[in-house]
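> Let me see the structure of the following:
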Amino acid sequence: MTKSGPEPVPQALVEQVIAAGTWAPNHRRTDPWRFVVVTGGARQRLGDLMASRLAERLEDVDDERRHELLEKERAKPLRAPVMIAVAAEPSTDPKTIEIEEVEAVAAGVENMMLAAHALGLGAMWRTGDAAYDPAVREFLGLSDRAHIVSFLYLGYPEIVPPPLSRPNPDRFIRWLDQ
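Purely as a prediction, here's the structure:
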């Protein structure tokens, strides 16, 4: 999805997309996924928070460039009518390997994207500095242990991009048979 229109996405479709995420494989069946659906005015409030957090990190930037960067950051949650923050909440079970929890959630995001496209929606997976910001995690109601894996944007695409070309997979494969 390159650009999404303002048309709202029905809650039932959002729930179908989220349900697809919970079907990802998860080694110890700990269900590490957490989904925070951000719509309406909450998108603007999140954008304001993201811009204020960026402002704290900007040093030695002239006023015009600073304004430009802050407005771009503020607009990120407004890319589509629905943004789902998808996070991994790792199990506290000592037998659980934390990276496997994050990997399970990443697999869930791929499922969500496939489901969204099958339902006629556009989906875009983004992260950026905000995904690693404790203030953003807090705004979303996530624990300090949570890892934001994706800001998944959903909407009805105004523009459908051409398919991406992919390299021949042979260059990534090594066969071991002995």
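
> buried ones in the lengthiest helix in the chain?
Identified as the longest helix of the chain according to DSSP state H is helix 98-118. When burial is assessed from 16 or more other C-beta atoms under 10 Å, helix 98-118 yields the following buried residues: 100-109, 111-113, 115-116. All C-beta atoms are positioned from the backbone trio N, CA, C, and that covers glycine.

> which residues touch it?
16-28, 30, 32-33, 84, 86-91, 122-123, 125, 147, 149-150, 152, 154 (C-beta atoms under 8 Å, 6 or more residues apart in numbering).

> what packs against the helix or strand following it?
Counting by DSSP states H and E, the next helix or strand C-terminal to helix 98-118 is strand 122-126. Strand 122-126 sits against helix 98-118, strand 147-155, with contacts defined as 3 or more C-beta pairs under 8 Å, 6 or more residues apart in numbering; DSSP states H and E.

> from the chain's centre, how far out does the first one sit?
Here the centre of helix 98-118 is set off from its chain's centre by 10 Å, with C-alpha atoms, centre = their mean, to the nearest Å.

> No further questions, thank you.
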